[in-house]
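> Everything below, folded, please.
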Amino acid sequence: MDIQEGQQKFIESWGRLAGSWSIPPAMAQMHALLLIAPEPLTAEQVKAQLDISSGNVSMNLRALMEWGLVYRESRVSERKDVYFAEKDMWTVVRQIIINRKKKELEPMLQVLDELAAVQENCPKSEHFCAVVRDIRTFSHKANQTLDTLVKTDPGWVMRVFLNMVR
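Have a look, this model is predicted:
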């Protein structure tokens, strides 16, 4: 397999993997392309290499920048903006955790906190409240764990992770 085939396989695989996380494949493919690019790329280069529309490139570059996974740099000499991905994998994982938490876990926690006010006045409501209480307890613990994880020293996290997988 040559480098171009390897790069293409990586970009396609990254895009497919992201689909299982409800991340648009084009957004993930753009992230993958920028991750493996040795130099920053212009939006036009991203568009050409992935064969996607300008609007799709613009929208997904903006989303990747909002997630803290891609950065824009203005090149005055070229009168163009270039984009490059965060290459530190701990920072990438940390940013993904922060954004997924904000998008998925925190809204659910709000709902579960509201549901804690349901009155337990019959067997059906007692069962409902018990299930909600268990989910709420677990979700709050998961939230605390993720908060701790994103604030933790990356070196410590990697040492613990590597020890776990040995």
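> quick one: average pLDDT of stretch 154-166?
Averaged across stretch 154-166, the pLDDT comes to 77.
> Now do the contacts for Arg75.
Residues counted as contacts of Arg75 (Cβ atoms under 8 Å, 6 or more residues apart in numbering) are 81-82. The C-beta positions use only the backbone N, C-alpha and C, and glycine is treated the same way.
> what's across from it in the sheet?
Taking DSSP bridges as the rule, Arg75 bridges to Lys80.
> where do the strands sit along the protein?
Using DSSP state E, the strands of the chain run over 41-42, 70-75, 80-85.
> Leu33: how many residues sit nearby?
Leu33 has 22 neighbours, counted by other Cβ atoms under 10 Å.
> before we move on, what about the one 5 residues further on?
Using other Cβ under 10 Å, Pro38 is surrounded by 6 other residues.
> returning to that earlier point: may I see the strands of the chain organised as TSV, with mean pLDDT and distance to Ser58 added?
Putting those into TSV (pLDDT from 0 to 100; distance: least, Cβ to Cβ, whole Å) gives the following:
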stretch	mean pLDDT	distance to Ser58
strand 41-42	96	12
strand 70-75	93	11
strand 80-85	95	11
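> Now render these as a markdown table, adding distance to Val160.
Converted to a markdown table, the strands of the chain look like this (distance: least, Cβ to Cβ, whole Å):
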| stretch | distance to Val160 |
| --- | --- |
| strand 41-42 | 35 |
| strand 70-75 | 28 |
| strand 80-85 | 26 |
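> and of those strands, who's closest to Leu35?
For Leu35, the closest of the strands of the chain is strand 80-85, at 4.5 Å, according to Cβ to Cβ.
> same for the closest one, what does it pack against?
With contacts taken as 3 or more Cβ pairs under 8 Å, 6 or more residues apart in numbering; DSSP states H and E, strand 80-85 sits against helix 25-36, strand 41-42, helix 43-50, strand 70-75.
> buried residues in the longest one?
If I follow you right, that is helix 25-36. The neighbour-count check on helix 25-36 (16 or more other Cβ atoms under 10 Å) flags 25-35 as buried.
> Same question for stretch 95-109.
Quick answer for stretch 95-109 (16+ other Cβ under 10 Å): 95, 99-101, 105, 109.
> Fine by me, thanks again.
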